[in-house]
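In: Sharing a model that was predicted from the sequence below.
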Amino acid sequence: MDKIGRIKELIEILNKASRAYYAEDVEIMSNFEYDKLYDELLMLEAETGTVYANSPTQNVGYEVVSELPKEKHPSPMLSLDKTKEVEVLVSWLGDKEGLLSWKMDGLTVVLTYENGTLSKAVTRGNGEIGEVITPNAKTFVNIPSNINYKGKLTIRGEAIITYSEFEKINASIDDVDARYKNPRNLCSGSVRQLNSKITAERHVKFYAFSMVESEDPELNARVGNTFSGRFDYLTDLGFEVVEYKKVQAGNLPDTVKWFSEQIPKNDFPTDGLVLSFEDIAYGRSLGTTAKFPRNAIAFKWRDEEAETTLREIEWSPSRTGLINPVAIFDTVDLEGTDVTRASLHNISYIEDMELGIGDRIKVYKANMIIPQISENLTKSGGIVPPDSCPACGGETRIKNENDTKTLCCINPDCPAKNIKLFSLFVSRNAMNIDGMSEATIERFIGEGFLHGLSDIYHLKEHKDEIVVLDGFGEKSYVNLTEAIEKSRKADMAAFLYGLGIPGFGVANAKLIVKAYKSDMEAIINAKEEDLVEIDQVGDVLARDFVAYFRDEKKLAEVRKLLDEIEFVIEENTLEQDLDGMTFVITGSLETYPNRDALKKEIEDRGGKVAGSVSAKTTCLINNDINSSSSKNKKAKSLGIPIINEEMFKNKQF
């Protein structure tokens with residue numbers, strides 16, 4: 001393995017060890033082993049002059065700006081001419097040698113290095129004026145912050161977020177409507193953040209696709225007159241470049257086919273290929289048209305089509321009230337996967353396509369990803385939207401806005417509009433039912449399995465229908481129902497929190513359960529004047545809490561739930577020696593398995609745990625007492641004691 005490769009390997013190993021130690025309280029290597037690898041990394045960085053932004057040897061100082069400054073590019077960054085025909089590529093290349101590479105789908109960024117250090121990063125913008133994102137670019141996980149070239153070097157490339165990272169980020173967002181639509185949109189927003197810490201959390205990657213001509217004749221002579229020579233030089237400096245292959249007219253079609261076969265395996269988004277002349281001087285001599293440079297051309301995939309038969313229109317309710325039509329058709333193979341469904345968008349789309357059950361249709365994957373109907377061959381028409389909502393049975397209405405017809409459920413109590421409530425009820429801090437994602441909840445509501453929260457405990461009645469749903473199966477069903485059965489033994493405070501009472505959090509729930517001595521009937525019949533006597537329960541919360549249980553529908557649903565579950569009341573034998581005290585926990589822990597464990601002990605001993613330091617804080621618990629973190633600074637400014645775990649255990653506060 002070469003030195004750059006070893007640097008990347010060491011960064012991955014050391015960062016993994018750090019994450020395990022600080023975030024998961026797991027030690028996967030000894031301090032001796034860590035220090036040995038760290039020293040090796042330091043030595044290789046010094047030898048090569050290449051230092052990556054995500055290296056554990058670097059301490060990135062995040063920056064926050066009020067707005068992104070604009071900057072004009074030295075020369076316009078023109079878009080490429082495009083084609084979907086391989087024959088056009090062959091003709092364009094002629095008898096020259098070319099370079100075929102991925103056209104990555106992210107945000108184009110221009111990096112400038114001076115004196116071996118990244119000095120500036122600018123987005124493509126409109127091609128003439130871009131936004132300066134230098135602090136953000138310094139957090140890209142795979143770009144060197146220092147390189148072994150001291151002159152001025154300008155590199156163009158694509159900032160992207162991988163599919164796996166995209167899925168992780170979306171999975172961390174509870175609200176389905178708030179999730180990102182695709183990696184490109186997420187990347188664009190991440191790269192253009194005003195706070196570089198947010199960019200760093202998104203794990204943006206950069207792939208170089210060209211090196212701007214240098215004013216240094218010695219460098220130009222060293223890298224030569226070929227695209228591949230410049231890619232090799234950038235690789236030696238520590239950059240990742242777009243994957244490419246050298247081509248001639250004879251092997252160009254087969255090479256395009258090779259790239260197309262890699263798409264299902266790729267973890268990065270692409271929207272085609274780029275063909276460039278290998279001879280840089282020749283390509284530059286061709287000049288530009290008014291709109292396009294002549295030294296390169298983009299190839300867009302011709303979408304693979306298949307003919308099939310439309311069997312059904314499924315009407316799927318959503319939280320916005322829209323009922324979205326979905327085409328169900330005989331299975332076809334597209335881009336190597338079985339496809340049976342495609343979105344129909346709205347009623348106007350169905351009418352324009354003149355769709356009817358039994359029609360012969362052509363389907364394709366837009367950008368080789370999203371199934372769509374391209375053509376209706378028989379056009380029988382006759383699709384009639386349902387007059388009742390599949391989720392609640394309530395009345396539907398066709399709305400016509402901007403000449404587009406959509407179907408809507410007008411029932412304000414439709415369960416499809418309350419997905420957030422279901423999601424809260426099954427969440428970790430509530431009933432902790434693993435396997436009930438928002439997507440699953442939405443699907444179950446659309447299928448008519450869920451109307452109220454208590455229906456969760458009757459999903460077994462729909463086993464035959466659930467196990468045949470797309471993305472489900474016997475194993476998923478078994479795992480889900482086991483989690484549901486496990487949740488029948490519940491913590492009362494977690495149950496109250498899961499009901500979704502406005503403004504009502506876990507901490508409030510614990511205080512009320514404690515005040516009413518775990519008597520559920522007393523809690524249901526609580527009065528405002530009694531609730532406000534409980535610390536941290538104000539007038540508004542007390543009013544909303546009482547109003548919730550006075551609502552006949554809500555109370556009826558609570559009664560149904562109480563028939564399904566049994567509360568586990570834990571006897572607290574601990575001395576209430578922390579009564580009236582408030583603690584804030586920050587940093588990594590050494591003797592407790594996680595923060596929740598420490599938090600539970602504090603609360604079991606009568607104390608409270610807050611998320612931020614204030615004048616009401618008794619102590620800040622941080623094993624790194626002398627750190628310069630914002631919480632430490634705030635505590636010091638307010639005169640709040642900062643203690644470590646050992647001091648907490650010994651009551652040294």
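Out: Okay, I see it.
In: Next SSE downstream of the host helix or strand of residue 101?
Out: Using DSSP states H and E, the element containing residue 101 is strand 98-104. Downstream of strand 98-104, the next assigned helix or strand under DSSP H and E is strand 107-114.
In: Just give me how far that following strand sits from the chain centre.
Out: Centroid displacement of strand 107-114 relative to its chain, using C-alpha atoms, centre = their mean, to the nearest Å, is 25 Å.
In: Let me know the secondary structure of residue 11.
Out: Counting by DSSP: H, G, I helix; E, B strand; the rest coil, the backbone at residue 11 sits in helix.
In: count of neighbours near it?
Out: Other residues near residue 11 come to 23 when the count uses other C-beta atoms under 10 Å. Backbone N, C-alpha and C define where each C-beta goes, glycine included.
In: residues touching the residue lying closest to it once chain neighbours are set aside, list them.
Out: Excluding its sequence neighbours, the residue lying closest to residue 11 (C-beta to C-beta, 6 or more residues apart in numbering) is residue 55, at 5.3 Å. Neighbouring residues of residue 55 by C-beta atoms under 8 Å, 6 or more residues apart in numbering: 7, 11, 41, 45.
In: How much space separates residue 55 from residue 429?
Out: Per C-beta to C-beta, to the nearest Å, residue 55 is found 36 Å from residue 429.
In: all helices for the stretch 51-200 of the chain, in order.
Out: 86-93, 134-137, 163-171, 183-191, 196-201 (DSSP state H, counting those that start in this stretch).
In: most packed of those helices?
Out: Sort the helices of the stretch 51-200 of the chain by mean neighbour count, taking mean count of other C-beta atoms under 10 Å, and helix 134-137 sits at the top with a mean of 24.
In: List of residues touching that helix?
Out: Residues from elsewhere that reach helix 134-137, judged by C-beta under 8 Å, 6+ apart: 62-63, 65, 109, 111, 118-121, 143, 159, 190-193, 196, 199, 204, 206.
In: I'd say residue 355 and residue 344 touch.
Out: Yes. With contact defined as C-beta atoms under 8 Å, residue 355 reaches residue 344; the gap is 7.4 Å.
In: Can you tell me which of the contacts of helix 134-137 are buried?
Out: Neighbour counting by 16 or more other C-beta atoms under 10 Å classes 109, 111, 118, 121, 143, 159, 190-191, 193, 196, 199, 204, 206 among the contacts of helix 134-137 as buried.
In: of the residues you listed, closest to residue 37?
Out: Using C-beta to C-beta, residue 143 is the member of these that sits closest to residue 37, with 21.9 Å.
In: quick one: that closest one and residue 53, what's the gap?
Out: Counting by C-beta to C-beta, the gap from residue 143 to residue 53 is 6 Å.
In: Over to residue 329?
Out: For residue 329, the distance to residue 53 equals 47 Å [C-beta to C-beta].
In: and residue 428, how many neighbours does it have?
Out: By other C-beta under 10 Å, neighbour count at residue 428 equals 10.
In: before we move on, which element is it in?
Out: Applying DSSP H and E, one finds residue 428 in no helix or strand.
In: And residue 47, how far from residue 6?
Out: Applying C-beta to C-beta, the value for residue 47 to residue 6 is 10 Å.
In: So for the two, which residue has more residues nearby?
Out: Neighbour totals were compared for residue 47 and residue 6, and residue 6 leads with 14 against 11 (other C-beta under 10 Å).
In: Quickly find the element holding that one.
Out: helix 3-23.
In: Contacts for the helix or strand following that helix next, please.
Out: Downstream of helix 3-23, the first helix or strand assigned by DSSP H and E is helix 31-48. For helix 31-48, contacts defined as C-beta under 8 Å, 6+ apart pick out 3-4, 6-7, 10-11, 13-14, 17, 51, 55-57, 146, 148, 238.
In: State the distance from residue 521 to residue 189.
Out: 49 Å.
In: So the residue nearest to residue 258 when sequence neighbours are not counted: helix, strand or coil?
Out: In this structure, residue 258 finds its nearest non-sequential neighbour in residue 245, 7.5 Å apart by C-beta to C-beta, 6+ apart. Assigned with three-state DSSP, residue 245 falls in the strand class.
In: For the closest residue in space to residue 15 that isn't next to it in sequence, which residues are in contact?
Out: Residue nearest to residue 15 in three dimensions, not counting chain neighbours: residue 56, with 6.1 Å by C-beta to C-beta, 6+ apart. Counting by C-beta under 8 Å, 6+ apart, residue 56 touches 11, 14-15, 18, 38, 41.
In: can I assume residue 398 sits in a strand?
Out: Yes. Judged by three-state DSSP, residue 398 forms part of a strand.
In: For it, the count of nearby residues, please.
Out: The tally of other residues near residue 398 (other C-beta under 10 Å) stands at 12.
In: Okay, it and residue 461: tell me how far apart.
Out: Distance of residue 398 to residue 461, given as C-beta to C-beta: 33 Å.
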